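Q: model this:
(one chain, ligands or ions: 1)
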Amino acid sequence: MQIVVGVTGGIAAYKAAEIVRRLIKAGHEVQVVMTEGAKAFVMPMTFQALSGRPVRDALLDPQAEQGMGHIELARWADLILIAPASANCLARLAAGMADDLLTTVVLASRAPLYIAPAMNQVMWESPLTARNVRQLSEVRGNVTVLGPDQGEQACGDVGPGRLLEPDALVEQLLALNSPGAAARSADMDMRGLTVVITSGPTRERLDPVRYLSNDSSGKMGFALAAAAQTRGAKVILVAGPVHLPTPAGVSRMDIESAREMQEAVMSVISAADIFIGAAAVADFRPVLSQSQKIKKSGDQTLELKLEQNPDILAGVAALDNAPFTVGFAAETQNLETYARDKLTRKRLRMIIGNNVSRADIGFNSEYNEVLVITPSSTTPIDRQLKSELAGVLMDQIMREFNALSRSSG
Ligand code: PMT
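A: Numbers count the residues shown, from 1 in each chain. I've put the predicted structure just below:
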């Protein structure tokens with residue numbers, strides 16, 4: 001493929017060198033376009049040496065225009081990757097600006113655009129940045145957001161906003177552009193179906209500033225939502241508090257607690273053909289949620305009394321005219337036995353078991369490895385990126401869904 005890699009200003013710009021190296025190694029042609037900000041962090045010579053092409057950085061550069069002008073460059077690109085994409089770059093792209101080479105190339109190209117944001121966590125969580133990403137996806141179309149990752153940031157903060165690691169980023173980018181992915185998306189086998197998916201954690205409030213929750217990032221459920229949407233389904237994503245952009249074309253309902261999630265799911269479930277519970281719903285909530293911050297006094301101890309939350313998944317599966325209901329089972333041992341027990345108890349069509357005691361899969365990882373369990377089968381699926389796994393799981397779900405439709409109709 002012919003790939004334009006846009007590099008914008010930020011400390012993560014140095015990681016773009018490794019991204020370019022990996023793309024070249026995988027046999028792709030890369031033309032790097034740097035913004036002025038990026039050049040404050042990395043020398044253009046680094047990218048020239050890695051890509052074998054002089055870096056392009058100026059919109060009005062007579063020499064460069066003699067060779068491949070900015071419009072030719074926009075046409076040359078099979079895809080455009082911006083890594084790192086700064087908050088400023090996202091704002092300018094969302095506004096449709098074309099006042100430097102990178103924004104102009106994006107505006108002048110219909111090629112798929114991949115953006116890998118990297119910025120301080122408060123900037124990433126700003127509603128303005130969220131709006132810019134949403135607007136860019138909705139208005140331009142053909143935009144995929146890769147990351148960002150969570151963790152320690154160069155500024156000392158901890159949170160979402162780190163550039164994805166180059167190996168994961170390149171792997172995701174290439175997987176999304178593999179012939180398999182194209183074939184899957186060409187195969188619009190979910191057209192006409194409505195899919196409701198829950199994703200992320202829930203928060204159960206103790207007081208206005210404290211809550212019980214878990215480490216779910218929402219990545220698994222969001223990847224499933226994107227996969228179903230790509231195959232033509234109408235997708236409603238009921239999301240707990242996560243820091244992920246909404247996949248293009250997906251309707252999103254944001255909730256905080258398990259009871260809010262249940263209410264949101266039940267308000268749309270009558271339209272659903274398929275329900276997938278990928279959320280890590282808190283099983284318990286505090287009996288009392290204080291309206292003011294709980295104060296400590298002396299060496300007092302505090303006992304928390306918890307009561308059970310409703311089981312959303314079991315509730316959906318028990319409905320008259322229940323949709324094809326798929327659960328997840330997060331286990332730390334006896335994966336198949338415990339997951340199969342949940343399949344039976346909750347009366348599900350399928351359950352996807354994952355081992356959440358492993359750091360390299362499950363909660364908050366880019367990867368997962370699962371057992372797909374139905375009443376009559378168990379299928380292990382190897383560790384892979386959640387973005388890829390989502391397509392494989394959707395294949396399994398559709399196979400069972402179609403078999404059931406055939407047998408009952
Ligand atoms: O979000 P990520 O960081 O990408 O991580 C993905 C994941 C590990 C969260 C995901 O793959 C996963 O396993 N999700 C289910 C987590 C969970 O709560 O599992 P469970 O075994 O406790 O629950 C079983 C099923 O019942 C789940 O489908 C769950 O959504 C559902 N449930 C549980 C309790 C409850 N009160 N209501 C429910 O609907």
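
Q: hey, let's count contacts and neighbours off CA atoms from now on
A: Will do.

Q: what about the closest residue to Arg191 other than its chain neighbours, distance to Gly249?
A: What sits nearest to Arg191 in space, not counting adjacent residues and going by Cα to Cα, 6 or more residues apart in numbering, is Gly232, at 4.2 Å. Note on Gly232: its distance to Gly249, by Cα to Cα, to the nearest Å, is 10 Å.

Q: re earlier: and the residue nearest to Arg191, how many neighbours?
A: Around Gly232 there are 19 other residues, counting by other Cα atoms under 10 Å.

Q: find me the pLDDT at it, would you?
A: With respect to pLDDT, Gly232 scores 90.

Q: any idea what Gly151 is bridged to?
A: Gly159 (DSSP bridges).

Q: what's the neighbour count on it?
A: Using other Cα under 10 Å, the number of residues around Gly151 comes to 15.

Q: what's the answer for the one 3 residues further on, then?
A: Other residues lying near Ala154 total 13 when counted by other Cα under 10 Å.

Q: show the model's pLDDT score for Ser405.
A: Ser405 is given a pLDDT of 86.

Q: pull out the buried residues from the helix or strand harbouring it.
A: In this structure, Ser405 is located in helix 386-408 according to DSSP states H and E. Using 16 or more other Cα atoms under 10 Å as the test for burial, helix 386-408 gives 386-395, 397-398, 400-401.

Q: now render the residues you listed as CSV, adding distance to Lys25 and pLDDT.
A: Output for the buried residues of helix 386-408, formatted as CSV (distance: Cα to Cα, whole Å; pLDDT from 0 to 100):
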residue, distance to Lys25, pLDDT
Lys386, 24, 94
Ser387, 22, 92
Glu388, 21, 91
Leu389, 24, 95
Ala390, 27, 96
Gly391, 26, 94
Val392, 27, 95
Leu393, 30, 97
Met394, 31, 97
Asp395, 31, 95
Ile397, 35, 97
Met398, 36, 96
Glu400, 39, 95
Phe401, 41, 96
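
Q: tabulate the residues you listed (CSV), appending distance to the ligand.
A: Output for the buried residues of helix 386-408, formatted as CSV (distance: Cα to the nearest ligand atom, whole Å):
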residue, distance to the ligand
Lys386, 8
Ser387, 10
Glu388, 13
Leu389, 11
Ala390, 11
Gly391, 14
Val392, 14
Leu393, 12
Met394, 14
Asp395, 17
Ile397, 14
Met398, 18
Glu400, 17
Phe401, 17
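
Q: now do the helices in the stretch 101-250 of the chain.
A: 101-107, 121-125, 127-135, 166-176, 179-186, 219-230 (DSSP state H, counting those that start in this stretch).

Q: contact residues of the stretch 151-300 of the chain facing the ligand?
A: The stretch 151-300 of the chain comes close to the ligand at residues 200, 216-220, 277-283, as judged by Cα under 6 Å from any ligand atom.

Q: any idea how far Asn364 is from Glu204?
A: 19 Å.

Q: of the two, who's got more company?
A: Glu204 (22 against 19).

Q: measure the more buried one to the ligand for me?
A: According to Cα to the nearest ligand atom, to the nearest Å, Glu204 stands 12 Å off from the ligand.

Q: for that residue, name its beta-bridge partners.
A: Bridge pairing for Glu204 (DSSP bridges) gives the partners Leu212.
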